[in-house]
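In: attaching a predicted model along with its sequence, questions to come.
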Amino acid sequence: MKSASKNKKKVGGTLASRSRSRVPPGRGYSKRPFVAATFAMTVDGKITTKNFSPVDFTSREDKMHLLRQRALGDAVLIGHSTLKQDNIRLGLPHAELREARVARGQSPYPLRVIVSNEGRIDPSLNIFQTDISPIVIFSTVRMPARHQKLLRAKATLHLSDARSVDLAWMLQQLRSEYKIRMLACEGGATLFRALLEKDLVDQLNLTIAPYLFGGANAPTLTGLSKTFFPRSIHCSLTEMRTIGEECFLTYRIRRRR
């Protein structure tokens, strides 16, 4: 693995570091967790192909970067579609990351949180085949009874009467009931956009990989929607570093007023 020490870029007079503090000082997150989303995209802004298939277009360093961000969270959040496509466990395969969590007073693995409006979640997915940490599912009563029965044996369900999950309420529940202060969001784009629209994202960790995919049907960072946000969302660059041909950026998402 190539060392990052020779590739650090100065931003605002400080050197970008490989790790970040868990919750920025001076910010009062008493009602919901601090939400940090992590994505990788091509130079033309694509995060996957038109078929939404898992794509291996980033380096080993980027994959470690994702795991480091996951390890910082008290919980990791993922949308059902992304979970189904990638079929991941949301674990931490490297012992040093788990040891660092324990040293910070966290559990060895973050709480795993799935959000799904329809709730048609396959209980045979890999995430349900390991008990490394509890699983919490936020969905609605649209979840079929059969799925409810099977999933209750593997996870804690929070089902609302609405057509879709109230994301602000979900974050409040994670903070009050599960004591989550830092939430690592791993997508997908539809969930990320929905959180942005509700002003519920605080930080974006973005890797730019040296590829161009093209095509109108491959999703970008905010999905396939052709609708503009009601107002532009301002991102402030706080860190930047390059390793090899990839650029690692950290943005603070400014609160709308």
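Out: It's in.

In: rest of the way, CA atoms for contacts and neighbours
Out: Fine.

In: make sure residue 186 is actually in contact with residue 40.
Out: No. Checked against C-alpha atoms under 8 Å, the pair residue 186 and residue 40 is beyond contact range at 10.1 Å.

In: any idea how many residues pack against residue 152?
Out: If you count neighbours by other C-alpha atoms under 10 Å, residue 152 ends up with 13.

In: so residue 206 bridges to which residues?
Out: residue 39, residue 249 (DSSP bridges).

In: would you map the helices across the stretch 1-150 of the chain?
Out: 60-72, 80-86, 95-103, 145-152 (DSSP state H, counting those that start in this stretch).

In: tell me which of these approaches residue 191 most closely.
Out: Nearest to residue 191, of all those, is helix 80-86, at 9.3 Å by C-alpha to C-alpha.

In: how close does residue 58 sit to residue 213?
Out: 13 Å (C-alpha to C-alpha, to the nearest Å).

In: just residue 176 next, same as before
Out: 42 Å.

In: could you do residue 145 as well?
Out: Residue 145 is 40 Å from residue 213, by C-alpha to C-alpha.

In: compare the two (neighbour count), which wins?
Out: residue 213 (16 against 12).

In: contacts for stretch 244-253 next, please.
Out: With contacts defined as C-alpha atoms under 8 Å, 6 or more residues apart in numbering, stretch 244-253 is touched by 2, 201-210, 233-242.

In: again with stretch 185-201
Out: Residues contacting stretch 185-201 (C-alpha under 8 Å, 6+ apart): 34-39, 76-79, 81-82, 167-168, 219-223, 229, 253, 255-256.

In: and those, which of them are buried?
Out: Among those, those classed as buried by 16 or more other C-alpha atoms under 10 Å are 34-39, 76-79, 81-82, 167, 219-223, 253.

In: so where is this structure shaky, pLDDT-wise?
Out: Where the chain drops to pLDDT under 70, the residues are 1-29, 50-55, 257.

In: which strand or helix spans residue 168?
Out: helix 167-176 (DSSP states H and E).

In: for residue 206, what are its contacts?
Out: 38-41, 248-251.

In: any chance of those residues in JSON lines, with distance to residue 69 too?
Out: Formatted as JSON lines, those follow (distance: C-alpha to C-alpha, whole Å):
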{"residue": "38", "distance to residue 69": "7"}
{"residue": "39", "distance to residue 69": "11"}
{"residue": "40", "distance to residue 69": "13"}
{"residue": "41", "distance to residue 69": "16"}
{"residue": "248", "distance to residue 69": "12"}
{"residue": "249", "distance to residue 69": "13"}
{"residue": "250", "distance to residue 69": "11"}
{"residue": "251", "distance to residue 69": "14"}
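
In: and which of those is nearest residue 159?
Out: residue 38 (26.4 Å).

In: so the closest one is in contact with residue 68, correct?
Out: No. At 10.4 Å, residue 38 and residue 68 do not qualify as touching, with contact defined as C-alpha under 8 Å.
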